[in-house]
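**Student:** kindly return the folded structure for what I paste below:
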Amino acid sequence: MANPWAGEVSLSIDGVPHRLKLTLGALAELEAKLETGTLVDLVSRFETGGCSSRDVLALIVAGLRGGGWDGRPEDLLRADIAGGPVAAAQAAAHLLVRAFSIPEPR
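**Tutor:** The predicted model follows:
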């Protein structure tokens, strides 16, 4: 479903596969909602293992928005994410990598 060459990540929420992507608009919304720092600080937290569940949730919401989702962040508080918190954190990390790196040729 997701196209990694387009920066997309797939995540199943409540049994429904979703396409996540960090568009420029989603990144701007994410940066506005960050509790502390900038996007560079957020990337650094993921690189050093210092990310919080709030960071993961903010990235998932931004990725969903970039993928066309029009839900609310509160909708995810009780959602069942396939793979649990680990899968959510991995999806968030993949979003950052795919948004800020150039894919290598196939």
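
**Student:** for L11, phi and psi?
**Tutor:** phi -150, psi 130 (degrees, to the nearest 10).

**Student:** what about the nearest residue to it once chain neighbours are set aside, distance to G63?
**Tutor:** Of all residues not flanking L11 in the chain, A91 sits nearest, at 4.6 Å (C-beta to C-beta, 6 or more residues apart in numbering). No exception for glycine: its C-beta is placed from N, CA and C like everyone else's. The gap separating A91 from G63 is 7 Å, by C-beta to C-beta, to the nearest Å.

**Student:** again, but for I81
**Tutor:** Taken as C-beta to C-beta, the span from I81 to G63 is 12 Å.

**Student:** now what about stretch 79-96, what contacts it?
**Tutor:** 7, 9-15, 20-22, 42-43, 46, 51, 53, 55-57, 59-60, 62-63 (C-beta atoms under 8 Å, 6 or more residues apart in numbering).

**Student:** out of those, which are inside strands?
**Tutor:** 9-13, 20-21 (DSSP state E).

**Student:** I'd like these as a markdown table, with distance to L27, neighbour count and pLDDT appended.
**Tutor:** Listed next are the ones in strands among the contacts of stretch 79-96 as a markdown table, based on distance: C-beta to C-beta, whole Å; neighbours: other C-beta atoms under 10 Å; pLDDT from 0 to 100:
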| residue | distance to L27 | neighbour count | pLDDT |
| --- | --- | --- | --- |
| V9 | 14 | 28 | 95 |
| S10 | 19 | 16 | 96 |
| L11 | 18 | 25 | 97 |
| S12 | 23 | 15 | 97 |
| I13 | 21 | 19 | 97 |
| L20 | 12 | 28 | 97 |
| K21 | 10 | 21 | 96 |
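
**Student:** alright, that wraps it up for me.
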